[in-house]
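Chemist: What follows is a protein structure lacking sequence information:
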């Protein structure tokens, strides 16, 4: 359907607060720009660990951390998005990101990721848990238990690790990150520029 | 003259590449917004050192560093500003920032800072040197040798250290940083938002 349209790759983690701002905005903006977006869920944690960081830089550097939550509040207001300061940051997103990768080529993947990100940053829910993932899948009328069972299959088990390795091979150091015609754009602040670059 | 206008505080370092993008844009944008801007030159180096960093994060983290120069090239193009990758980054800006602080309340401070920042990021000149500072002051028809001599006076000597301490007391962790009605905004990407916040 979208064979002739320019494409944008969109790398994000459900644990990433600035990814939340992009997850909720990108489809409408891409549609308007005539760009097809490939969603690439991954984990930022192992990327940070490879840099020698034991947590998010927003946690490790308290001055920046204090600022980031104020910035998020203002940015969410600017974009008309709900926002609630999460009590736990960053959350462990291994389970929901694995589910997203399993659903990678299915229509429900995007609303699932949006719902999980909203649960994290607008509802302060524990998105690491089987309960929240199950409820979210069920709320999208999806067979939660069979999806969770499929995660145990031999082809699903190595997927997340391979995806993180792809991210690292691309030089990704944060999220959201976009690739347009081979060029990297980092941060929700560059979404519009990345879409424009994709159009050429 | 501008007593009734809303104000914005603008903290920057002449060594900071994203400050360059702001330095060249802020006056026109502020004029359009009806906002008066207070320019606050400071040094980012001691702020980073207090975080335990031995250089700019763009140097310490090579993935982000590689990205930043690509981003700068694109951002400069977007804003119609000249750009040339500096061979030395970050430069030592003790001398030009001291001159800027000396000229803080004088009309030449802003064009001097713009010229030094342009020398750094559009002309790849050594802005740490007495030669470049002298030439830049002279190009603005300013008495370079008397200005440099005044830097040795007892009231000028402690100024830079006091300014860096002010920055740290405000929680500044990067540049450019803006304050509008007591709220911090960080980064050239937030210039427009900060001006809007200043207007209330």
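Modeler: Alright, I've got the coordinates. It should be emphasised that the depicted structure is a prediction, and the values quoted were computed from it without experimental measurement.

Chemist: contacting residues around residue A:34?
Modeler: A:5, A:6, A:199 (Cβ atoms under 8 Å, 6 or more residues apart in numbering or on different chains). C-betas here are computed from N, CA, C, even on glycine.

Chemist: Report the separation between the first one and residue A:12.
Modeler: Counting by Cβ to Cβ, to the nearest Å, the gap from residue A:5 to residue A:12 is 20 Å.

Chemist: if you count what's nearby, which of the two comes out ahead?
Modeler: residue A:12 (26 against 15; other Cβ atoms under 10 Å in any protein chain shown).

Chemist: Would you mind confirming that that one is in contact with residue A:23?
Modeler: Yes: using Cβ atoms under 8 Å, residue A:12 makes contact with residue A:23 at a distance of 6.2 Å.

Chemist: hey, what's in contact with both of the two?
Modeler: The overlap between the contact sets of residue A:12 and residue A:23 (Cβ under 8 Å, 6+ apart) consists of A:113, A:176.

Chemist: near chain B, which residues of chain A?
Modeler: Of all the residues in chain A, those in contact range of chain B (Cβ under 8 Å from any Cβ of the partner chain) are A:51, A:61, A:63-64, A:66-67, A:70-71, A:74, A:78, A:171-174, A:183-187, A:189-190, A:193.

Chemist: Scan chain A for its longest helix.
Modeler: Selection of the longest helix in chain A by residue count, based on DSSP state H, yields helix A:62-79.

Chemist: Among the residues of chain A next to chain B, filter down to the buried ones and hand me the PyMOL syntax, if you would.
Modeler: A single PyMOL command is used to select the members of these judged buried by 16 or more other Cβ atoms under 10 Å in any protein chain shown:
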select buried, chain A and resi 61+63+64+67+71+74+172+173+174+184+185+186+187+189+190+193
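
Chemist: Just the buried positions in the one helix or strand residue A:131 maps to, please.
Modeler: When elements are assigned from DSSP states H and E, residue A:131 belongs to helix A:130-139. By 16+ other Cβ under 10 Å, the buried positions in helix A:130-139 come out as A:132, A:133, A:134, A:136, A:137.

Chemist: neighbouring contacts of the helix or strand bottoming out on mean pLDDT in chain A?
Modeler: The least trusted helix or strand in chain A, going by mean pLDDT, DSSP states H and E, turns out to be helix A:57-60, with a mean of 84. Outside helix A:57-60, the residues within contact range by Cβ under 8 Å, 6+ apart are A:17, A:48, A:53, A:54, A:64, A:65, A:68, A:89, A:90.

Chemist: farthest pair in those?
Modeler: Using Cβ to Cβ, the two most remote members of these are A:17 and A:54, lying 18.4 Å apart.

Chemist: higher neighbour count, those two?
Modeler: In this comparison of residue A:17 against residue A:54, neighbours counted by other Cβ under 10 Å, the higher total goes to residue A:17 at 25 against 9.

Chemist: and residue A:121, how many residues sit next to it?
Modeler: When counting by other Cβ under 10 Å, one arrives at 30 neighbours for residue A:121.

Chemist: now do residue A:151
Modeler: Counted with other Cβ under 10 Å, the burial measure for residue A:151 works out to 16 neighbours.

Chemist: Provide a list of residues in contact with it.
Modeler: Under the criterion of Cβ under 8 Å, 6+ apart, the contact list for residue A:151 reads A:98, A:99, A:102, A:157.

Chemist: If we use 7 Å, what do you get?
Modeler: Contacts for residue A:151 (Cβ atoms under 7 Å, 6 or more residues apart in numbering or on different chains) come out as A:98, A:99, A:102.

Chemist: Identify those among those residues that sit within helices.
Modeler: Checked against DSSP H, the contacts of residue A:151 include these in helices: A:98, A:99, A:102.

Chemist: any idea how far the first one is from chain B?
Modeler: Think residue A:98. Using Cβ to the nearest Cβ, to the nearest Å, one gets 25 Å for the distance from residue A:98 to chain B.

Chemist: just checking, that residue touches residue A:161?
Modeler: No: between residue A:98 and residue A:161 no contact is recorded; they are 10.3 Å apart, counting by Cβ atoms under 7 Å.
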